[in-house]
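Peer 1: please find the sequence and the predicted model below.
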Amino acid sequence: MSVSVDFGSREIRSLIRAGVGSRLRLAAVRSEYLLIPDAQAARRMLRDEGLPHAVCGSGLAVFGVGLESAEWLSRGPAIPLFADGRIPTRDSLARQILSVLTESVLPEPSVRGATCVVSVPGDGLPRNLQEGNEDFLGHLIQLRGYQPVFLRSSEAVLLAAGVSTAFSGVCIAAGAESTACCVARQGRVMAESGIPLGGRWLDTELAREFGEWTWNESGERHANAVALERWRLGLRRGDTGASADRYSALLRLVSLITRRLVVALRESLRTAAVDWNEVPVLVAGGLSLMPEFCESLRAELSGDGRAYRLLTVADPETAVVRGGLISSELATRSAA
Amino acid sequence: MYLQRATAVCVMLLTAVNAVAQQPSVSAAAGTFTVIGDVDRPGNFRFDQPLTVRAAVSSASPVGDAVNVTVLRNGHDRAQSTRLLRLSAADSGEEALSGDLYVVESLAQPARPVLPNAVLRGPAGTTVISLEDAGVVIGDVLQGLGMPVKGEIRIAVPCRIHGQRSLESAPLSASVRHGDVITVSGAALSPEGAAAIRPMVSEWRGSSGRVADQQQSSLRTSVGGKQEVRLPELPAPLPTQPPIARPAASAAVPVAPATAASASPAVKPVRIPQGSPSEGQAPSTVTPQLPELSESSAQAPSAAESRVVIVGDRTQGSRRVTSVPDDVLMLGESLRVPTPAPVDVGQPPQVAPPYRDRVASKTVTEGRNVSGKGLKVPVTAAVSTKQENVTPTDSTDVRGPDSQPKEATAGSSSTVHWTVIVGLFVAGVWVLGRSLFVGSAAAGKANTGSMPTATPSPATSAAEAVPAASSNLAPGTGAGDTPWRIYSVPQAIRPAKVSDGRSKTEDELDLLIANQLPIERTTPMLPQGIELSGRSSSAGGQTIRRVDGPHAVLRGRHVEQSDPNARRGRPLGERLSQLIRTVPAGSPGAFDGSGRATGSSGAER
């Protein structure tokens, strides 16, 4: 049995292979929760609809797969479990929900202490903060009966998509809260870097810039990043639905991300001291689904005298968890 | 002369009555039921005596003393009830009905391992399957049973155990779990496909259950209304390992699945062999269905509907039956052949043609036999020439359509006399046929156990079949069928792959790295209404981050090498070294000229 978990800032995903000949099973839940007022009507609605929820001191907390169905019950936006890519150290409710979600995506291990490869958020954070994430999430994995082995998301992308480049090149995992990249040669990571900017930052900035606000029951104002995210994802289907200035603002913000990313990437290449004539760049993560991101990245990469070959990974949203499963399989083989 | 004829008729009547009296009484409670779930012996079971639900469940050897039993009645898509049964306690006496499906869920942790099993209910019946590995999905089941999945079919999982939610509409990729009840319906389920699912007499009535009930009651009335005749279920012991592909035409389907019209649990198709089959004619296979013809369609049927249709009941008056089990023809009824087609009588098939072809050939043969003597002739016996495993010696006193018209026309010199004679004769024949109808119960019972063999022998006689059947049957409960073994497709399609020195694990690792293994998305089970302590300190907003700050974190040359095993296990490169190989362009996992991956895309999932 091979298991991997990707604690993404947008979704928590697990990929499981029960054994030889069995299929891969992907379970995913949103890594957010929603607070709604505790009312009998709301409880009845949640119960009738079969939406997973919990009763807490703040009202009713809805989480997991039923989040979209209950959004209309709340006036506030969904609360991310990994705000800024960090473990919610001050939010005890979020930590409990995190535990519940971890249990839901992870089955009971066939063998106590089985290896589970884990990717944690916050690749762009300082090392001490990232280790804090690993400690907390690793403890949740241990409570489920697994032995966690951590894998950076960029390395997971290397495993998931690097077979065509002999596991060499630059791997970028552009997530919701951060973007990580690494430089690898023949499967060996030579340098790695990251920036704490991702798709959610993009949406939040757009919401602030264009006044997309929501007000909760207390009258507090919040940037409606969810609405901007839907608009941004709708761009892939050709549904712009907005004015040209919003789209130009999006391009500007994307360019900001890619510019900072390329700076970090070039520094990594310098550190790794590779002398490739052509640098393969594997791009995965939710942000890579935007054509604007890849075009902006290609534009930023040009002009330094190197040749880059930009490669978009198939099924980029699950690339990290797939890479984690490959790592788990490799660990199993190595142990055998 | 009249006196002689009247005497002859009386003799016939007495003989028939005597024959009726000598028939063994048939139990009113007979049929099959199915038990799956946390039991040692999941399968279909036959019973000939009244049986309680607890006894029925016990016959499958539940793994625990206290079990939850979910009951799905015949013809219903959903569970009717769930009850707690304690095997060590007194029996409540609730009677098991034919066609019941019992899903057993042990309340305690099973003391011994249970082979994962499930059941498929479709137009052709109830098929118990054993899940041979953990990756079985519904598509694997349909493929393993040889069922076509093309076209629109509706799949649901209306009943699951161990707290799993039922699925109103299940995709083919939905995983099959232990104790699942899968229902399949849809227009794409052709008779061939249905036959391939389950070569046994069907218990499934589906949406036509009500129609079948009506026909059942009318059939009971037609046989006198005094006693209810229930014919024993034909057995269907399954081969230990069913073939994945459909059986060839020569490997005849032992017993065809009954259609909705013939799937009444109480009255089963009576299988009376033809009295005088065409000499040298090879036994044909049971017809799988009888199209339900309306009156207009009976008048002008299509080629596909060229079947023997009962259009009336002369002895019973005005009842009109437009659809009956194809093996049952009531005595004293008119026989209409809609479209007698020319057929080469002298060339019986030497080799059994495919399923539908056999049906067609038999149909036109019957049409030729009757139409040659004139339409609407009274018949004297139920005729079924489609029984595969019954020899002609079983039915020496049954007259087929060939013989009866000859007798009827032999002495017809006067119309009046002929009418009287025919009337008396029909009355006598009705009684005789009634005895045959009842007597066929014994014939049906004699057929038990003679069916499914890998190479069915047409010459297998009922006498040979009886000991085999009896040896397998308990006094009240038949032995369960062996469930069909279902594997997941990757294992099923590669069982005999020639080894190239690499293990299957290595092969699948290659597929995994190339992103070629299909991913099945599952919905996590999350709790509802739980109580969590504390309050949320987040208001939903996010802290403001400045993009011009020193956010980028750069790490040195493989910083994890300083502590390789603490958090990340062995270095990645060490584990990857054996995997590095060049992938040719166009192969899975490679990228095309535009930088897009050529492997499976996310949209495919």
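Peer 2: In hand now; what should we look at?
Peer 1: hmm, residue A:333 is touching residue B:508, no?
Peer 2: No - under the criterion of C-beta atoms under 8 Å, residue A:333 is not in contact with residue B:508, lying 11.3 Å apart. For every residue, glycine as well, the C-beta is placed using N, CA and C.
Peer 1: what is the helix or strand harbouring residue A:259 packed up against?
Peer 2: Per DSSP states H and E, residue A:259 falls inside helix A:244-272. Contact partners of helix A:244-272 among helices and strands, from 3 or more C-beta pairs under 8 Å, 6 or more residues apart in numbering or on different chains; DSSP states H and E: strand A:169-174, strand A:179-185, strand A:188-195, helix A:199-209, helix A:291-301, strand B:553-555.
Peer 1: next structured bit after that helix?
Peer 2: Downstream of helix A:244-272, the next assigned helix or strand under DSSP H and E is strand A:278-284.
Peer 1: what pairs with that following strand, parallel or antiparallel?
Peer 2: strand A:169-174 (parallel), strand A:307-312 (parallel) (DSSP bridges).
Peer 1: which is the next helix or strand following the helix or strand harbouring residue A:16?
Peer 2: Assessed by DSSP H and E, residue A:16 sits inside strand A:11-17. Next in sequence after strand A:11-17, counting helices and strands by DSSP H and E, comes strand A:24-30.
Peer 1: from residue B:117, how far off is residue B:484?
Peer 2: Distance, residue B:484 to residue B:117, using C-beta to C-beta, to the nearest Å: 10 Å.
Peer 1: common neighbours of those two, please.
Peer 2: Jointly contacting residue B:484 and residue B:117 under the rule C-beta atoms under 8 Å, 6 or more residues apart in numbering or on different chains are B:128-130.
Peer 1: want to throw the residues you listed into JSON lines with distance to residue A:287 and pLDDT?
Peer 2: Putting the shared contacts of residue B:484 and residue B:117 into JSON lines (distance: C-beta to C-beta, whole Å; pLDDT from 0 to 100) gives the following:
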{"residue": "B:128", "distance to residue A:287": "49", "pLDDT": "90"}
{"residue": "B:129", "distance to residue A:287": "44", "pLDDT": "89"}
{"residue": "B:130", "distance to residue A:287": "46", "pLDDT": "86"}
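Peer 1: so between residue A:333 and residue B:508, which is more surrounded?
Peer 2: Between residue A:333 and residue B:508, counted using other C-beta atoms under 10 Å in any protein chain shown, the more crowded position is residue B:508 (20 against 15).
Peer 1: neighbours of residue A:245, just the number please.
Peer 2: Using other C-beta under 10 Å, residue A:245 is surrounded by 10 other residues.
Peer 1: so where's chain A shaky on pLDDT?
Peer 2: Residues of chain A that meet the criterion pLDDT under 70 lie in A:236-243, A:336.
Peer 1: and the residue of the stretch 101-250 of chain B nearest chain A?
Peer 2: At 3.4 Å from chain A, residue B:135 is the closest residue in the stretch 101-250 of chain B, using C-beta to the nearest C-beta.
Peer 1: pretty sure that residue is touching residue B:175, no?
Peer 2: Yes - using C-beta under 8 Å, residue B:135 is in contact with residue B:175, at 7.5 Å.
Peer 1: got any residues that touch both of the two?
Peer 2: By C-beta under 8 Å, 6+ apart, the residues touching both residue B:135 and residue B:175 are residue A:23.
Peer 1: more neighbours: which of these two?
Peer 2: Neighbours per residue, other C-beta under 10 Å: of residue B:135 and residue B:175, the larger number sits with residue B:135, 25 against 20.
Peer 1: surely the more buried one forms part of a helix?
Peer 2: No - Residue B:135: not assigned to a helix; according to DSSP: H, G, I helix; E, B strand; the rest coil it is coil.
Peer 1: phi, psi for it please.
Peer 2: phi -100, psi 20 (degrees, to the nearest 10).
Peer 1: how far away is it from residue B:145?
Peer 2: Distance, residue B:135 to residue B:145, by C-beta to C-beta: 17 Å.
Peer 1: now do the SS call for residue A:197.
Peer 2: With three-state DSSP as the basis, residue A:197 sits in coil.
Peer 1: what's the closest non-adjacent residue to it?
Peer 2: Of all residues not flanking residue A:197 in the chain, residue A:257 sits nearest, at 4.9 Å (C-beta to C-beta, 6 or more residues apart in numbering or on different chains).
Peer 1: next up, the contacts around that neighbour.
Peer 2: Shown in contact with residue A:257 (C-beta under 8 Å, 6+ apart): A:174, A:179, A:195, A:197-198, A:201-202, A:287, A:293, A:296.
Peer 1: hmm, try it at 10 Å
Peer 2: Shown in contact with residue A:257 (C-beta atoms under 10 Å, 6 or more residues apart in numbering or on different chains): A:174, A:179, A:195, A:197-199, A:201-202, A:287, A:293, A:296-297, A:300, B:547.
Peer 1: number of nearby residues for residue A:309?
Peer 2: With other C-beta under 10 Å as criterion, residue A:309 counts 18.
Peer 1: and what of residue A:89?
Peer 2: 12.
Peer 1: again with residue B:179
Peer 2: Residue B:179 has 25 neighbouring residues, counting by other C-beta under 10 Å.
Peer 1: rewinding a little: shared neighbours of residue A:333 and residue B:508, anything?
Peer 2: By C-beta under 10 Å, 6+ apart, no residue touches both residue A:333 and residue B:508.
Peer 1: drop anything exposed from the contacts of residue A:257.
Peer 2: Buried subset of those (neighbour count, 16 or more other C-beta atoms under 10 Å in any protein chain shown): A:174, A:179, A:195, A:197-199, A:201-202, A:287, A:293, A:296-297, A:300.
Peer 1: out of those, who's nearest residue A:249?
Peer 2: Checking the buried ones among the contacts of residue A:257 against residue A:249 with C-beta to C-beta, the nearest one is residue A:202 at 9.9 Å.
Peer 1: ok, now how distant is the residue nearest to the closest one when sequence neighbours are not counted from residue A:175?
Peer 2: Once flanking residues are discounted, residue A:202 sits nearest to residue A:253: 5.3 Å by C-beta to C-beta, 6+ apart. Going from residue A:253 to residue A:175 by C-beta to C-beta gives 16 Å.
Peer 1: give me the distance between residue A:211 and chain B.
Peer 2: 15 Å (C-beta to the nearest C-beta, to the nearest Å).
Peer 1: which strand or helix spans that residue?
Peer 2: Residue A:211 belongs to no helix or strand when assigned by DSSP H and E.
Peer 1: next one: residue B:128
Peer 2: strand B:125-131.
Peer 1: tell me the residue furthest from the middle of chain A?
Peer 2: Among residues of chain A, the one most distant from the C-alpha centroid is residue A:40; the distance is 34.8 Å, by C-alpha atoms, centre = their mean.
Peer 1: hmm, back to that, from the shared contacts of residue B:484 and residue B:117, which is closest to residue A:206?
Peer 2: Nearest to residue A:206 among those: residue B:129, at 52.5 Å, using C-beta to C-beta.
Peer 1: select, out of the helices and strands packed on helix A:244-272, the one closest to residue A:58.
Peer 2: helix A:199-209 (22.2 Å).
Peer 1: right, is the next helix or strand after the closest one up against chain B?
Peer 2: Counting by DSSP H and E, the element after helix A:199-209 in chain order, helix or strand, is strand A:213-215. Yes - using C-beta under 10 Å from any C-beta of the partner chain, strand A:213-215 comes into contact with chain B via residue A:214.
Peer 1: could you say what helices and strands the helix or strand that comes right after strand A:213-215 packs with?
Peer 2: Once strand A:213-215 ends, the next helix or strand along the chain (criterion: DSSP H and E) is strand A:221-223. Strand A:221-223 is packed against helix A:199-209, strand A:213-215, with contacts defined by 3 or more C-beta pairs under 10 Å, 6 or more residues apart in numbering or on different chains; DSSP states H and E.
Peer 1: tilt between the longest one and helix A:291-301?
Peer 2: Spelled out, it's helix A:199-209. 100 degrees (axes from the mean of the first three to the mean of the last three C-alpha atoms, to 10 degrees).
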